[in-house]
Structures are given as structure tokens and as C-alpha cells.
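> from the sequence below, what's the structure:
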Amino acid sequence: MEVLISSLTSNGHKLTPQRLHIIKHLWRKVIIDNIDDLYVELRTIQHISWATLYSTIKLLHALGWLELRGNGPRGRYYRWIRKDFKAVDMC
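The predicted model follows:
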């Protein structure tokens, strides 16, 4: 996770307490398949807006840390590509 945080800050992205909380929570997951459920999980722990969660996931995807897989609106999910390890595989 230190490599991810270093990557964000070295690319000029702010590491706010909310963003750090989201990243720590996501780091424990292999796949992120339901952002709505994830939002509810996070809100029970700390006040985080939907926009912050969504923009953090999009940022991690744009930087190559998350891969969007599947097709169709219900079959899509994100999967970690951990650059400090090899890609997390579901097989």
C-alpha cells in the first residue's frame, strides 16, 4: 500500500483523510463489485461522500491500480492490479 500512496502523492494527488480511509478499506478487498454497498460500509465508519468514493475509484483506475472487468451494467467490477505485487487474480 505504501507504493500506491507514494504513487498518488508523487503524481500530485492530495491524500486527504477521506481518500486514505477509502484506499485502506479497498486494499483489503480482492474485487470491488458493488460501489453502492461499499459506500454504505464506509459511511458506517467515517463520513465520506459518494463523490469522494467514486472519484477515488476512478482515479485509481486511471492510474492503473484498478482494472475494470466484465461487461454489462451488472457484470462489471474492479479488480486490483497491485504494482508492488503481481496482479491479483481470481483464478
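> could you report the separation of residue 37 from residue 30?
Distance of residue 37 to residue 30, given as C-beta to C-beta, to the nearest Å: 15 Å. Where you see a C-beta, it was placed from the backbone N, CA and C, and this is true even at glycine.
> same deal with residue 78?
Taking C-beta to C-beta, one finds residue 78 at 10 Å from residue 30.
> neighbour count: the two, which is higher?
Using other C-beta atoms under 10 Å as the criterion, residue 78 and residue 30 rank with residue 78 on top: 22 against 11.
> pLDDT score assigned to that one?
At residue 78, the pLDDT value in this model is 90.
> got the contact list for it?
Listed by C-beta atoms under 8 Å, 6 or more residues apart in numbering, the contact partners of residue 78 are 31, 32, 33, 57, 60, 61, 66, 67, 68, 69.
> quick check: phi and psi on it?
Here is the backbone geometry of residue 78 (degrees, to the nearest 10): phi -100, psi 150.
> show residues contacting stretch 28-43.
So stretch 28-43 is contacted by 21-22, 25-26, 48, 50, 53-54, 57, 66, 77-80, 88, 90 (C-beta under 8 Å, 6+ apart).
> for the most centrally placed residue in the chain, give me the pLDDT.
The residue lying closest to the centre of the chain (C-alpha atoms, centre = their mean) is residue 57, at 4.4 Å. As predicted, residue 57 sits at a pLDDT of 94.
> dump the residue contacts of it.
Contacts of residue 57 were listed using C-beta under 8 Å, 6+ apart, and they are 22, 26, 32, 35, 66, 78.
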